[in-house]
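*Asks:* A structural model of the following input is requested.
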Amino acid sequence: MRIIVTGGAGFVGSWVCGAYISEGHDVLVIDNLSTGSVNNIPAKADFQELDIMDRSGLSKAFMKFRPDYVNHHAGQINVRFSVSDPSFDAGTNIIGSVNIMEMCREMKVKKLVFSSTGGAIYGEPEKIPADENTIPSPLSPYGTSKLCVENYLELYRRLHGLDFIALRYSNVYGERQNPGGESGVISIFCNNIMNNQTCIVYGDGNQTRDYVYCKDVAEANIKALSAVSGIYNLGTGTEISLNDLIGRLKIITGKRFEVMYENEREGDVRHISLDNRKAAEKLGWTPSTDFQIGLTQTWRWFSENKSSV
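*Replies:* This is a model prediction of the structure:
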């Protein structure tokens, strides 16, 4: 099959590209390289440097490649940046995504797989782990823009018959994550520890996240190609606090490092984890990587690739 992956030069998108190629699919990466890197793109993938806001460029790329499926990972993904510049966040994540939907409609694409967020879309749910029936209540423009795109996807399904899968990711971590532009706390801490810099915790450190490994997420994107249309949580259902994460990193790295606690930041969720039972039943997906193993592999990559981070 022929698959376009937008954002395929980024952290998660590049793992998805590799997974598709390993399954024998032809892949075209569309990425503007604002946060991604050409070094992340698998050698067997085609690549076009292109912004999803460029309708004309997208039309030419889609017409030339003629995809069967589209996997949409491109977008603005920094929660803090979305709070400081909500207009840019909305433009990229909403208008850019509608541009992709229009391309899919025009090219009669079989299915659009969308990378949404479970870590930000639910806000502070009363029940944890949150399932897909939890009423979304995002605390940031980023979570709001992702929810808006999900609503557009449902609209395009009803109006135009566009089949879609929305994967609500929890906090994805792993090798190749950008400690700057993509702001995953594990990559930031690994990079800081490696460079003898202070690890900053915003809040008391008791806030919790649900960490899911990049290769497990890539596997879910393979299964999404043949799954029933809908919205699926991709998480482990387990809460891990920042203080727990720091303790694990001290053991894994064998290093002493300074930790500084500062005030909580606007838009941050206090506690979240995702119920993955629907993904297990409908996608045939459950995470297979133990957190301690994934964290160890992530640290090993950062320590071995210091010059390229």
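
*Asks:* Quick one: the strands in the stretch 1-150 of the chain, in order.
*Replies:* Chain-ordered strands for the stretch 1-150 of the chain, with DSSP state E, counting those that start in this stretch as the definition, fall at 2-6, 26-31, 46-49, 69-72, 111-117.

*Asks:* Let me have those strands in JSON lines, extended by mean pLDDT, distance to I251 and mean neighbour count.
*Replies:* (Each C-beta comes from the backbone N, C-alpha and C, glycine too.) JSON lines is the format used below for the strands of the stretch 1-150 of the chain (pLDDT from 0 to 100; distance: least, Cβ to Cβ, whole Å; neighbours: other Cβ atoms under 10 Å):
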{"stretch": "strand 2-6", "mean pLDDT": "98", "distance to I251": "36", "mean neighbour count": "26"}
{"stretch": "strand 26-31", "mean pLDDT": "98", "distance to I251": "36", "mean neighbour count": "25"}
{"stretch": "strand 46-49", "mean pLDDT": "98", "distance to I251": "39", "mean neighbour count": "16"}
{"stretch": "strand 69-72", "mean pLDDT": "98", "distance to I251": "36", "mean neighbour count": "26"}
{"stretch": "strand 111-117", "mean pLDDT": "97", "distance to I251": "30", "mean neighbour count": "24"}
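
*Asks:* got the angle for the helix ranked longest in the chain vs strand 111-117?
*Replies:* With secondary structure taken from DSSP state H, the chain has its longest helix at helix 141-160. Angle between the axes of helix 141-160 and strand 111-117 is 160 degrees (criterion: axes from the mean of the first three to the mean of the last three Cα atoms, to 10 degrees).

*Asks:* what is the orientation angle of the helix or strand just after helix 141-160 with helix 141-160?
*Replies:* Sequence-wise, the next helix or strand beyond helix 141-160 is strand 164-169, with elements assigned using DSSP states H and E. The directions of strand 164-169 and helix 141-160 differ by 160 degrees, with the same axes, to 10 degrees as the criterion.

*Asks:* so where is the chain shaky, pLDDT-wise?
*Replies:* Flagging of the chain using pLDDT under 70 yields the residue ranges 181-183, 306-309.

*Asks:* please redo it, this time with the cut-off set to 90
*Replies:* Along the chain, segments meeting pLDDT under 90 span 35, 77-84, 119, 178-184, 264-269, 304-309.

*Asks:* elements contacting the helix or strand hosting I186?
*Replies:* Under DSSP H and E, the secondary-structure element containing I186 is helix 185-194. On a contact count with 3 or more Cβ pairs under 8 Å, 6 or more residues apart in numbering; DSSP states H and E, helix 185-194 meets strand 171-173, strand 199-202, helix 242-253, helix 291-304.

*Asks:* one step back: now distance to G18 too, for the strands of the stretch 1-150 of the chain, in TSV please.
*Replies:* Supplementary listing: these in TSV, determined by distance: least, Cβ to Cβ, whole Å:
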stretch	distance to G18
strand 2-6	10
strand 26-31	9
strand 46-49	13
strand 69-72	12
strand 111-117	15
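
*Asks:* Of all the ones you listed, which one is nearest S170?
*Replies:* Closest approach to S170 among the strands of the stretch 1-150 of the chain is made by strand 111-117 (8.4 Å; Cβ to Cβ).

*Asks:* how far does the closest one sit from the chain's center?
*Replies:* Between the centre of strand 111-117 and the centre of its host chain there is 10 Å, according to Cα atoms, centre = their mean, to the nearest Å.

*Asks:* Need the three-state assignment for R176.
*Replies:* With DSSP: H, G, I helix; E, B strand; the rest coil as the basis, the three-state label of R176 is coil.

*Asks:* Run through the residues that contact the closest residue to K111 other than its chain neighbours.
*Replies:* Ranked by Cβ to Cβ, 6 or more residues apart in numbering and with sequence neighbours excluded, the top spatial neighbour of K111 is D163, at 4.4 Å. Under the criterion of Cβ atoms under 8 Å, 6 or more residues apart in numbering, the neighbours of D163 are 110-112, 157, 229.
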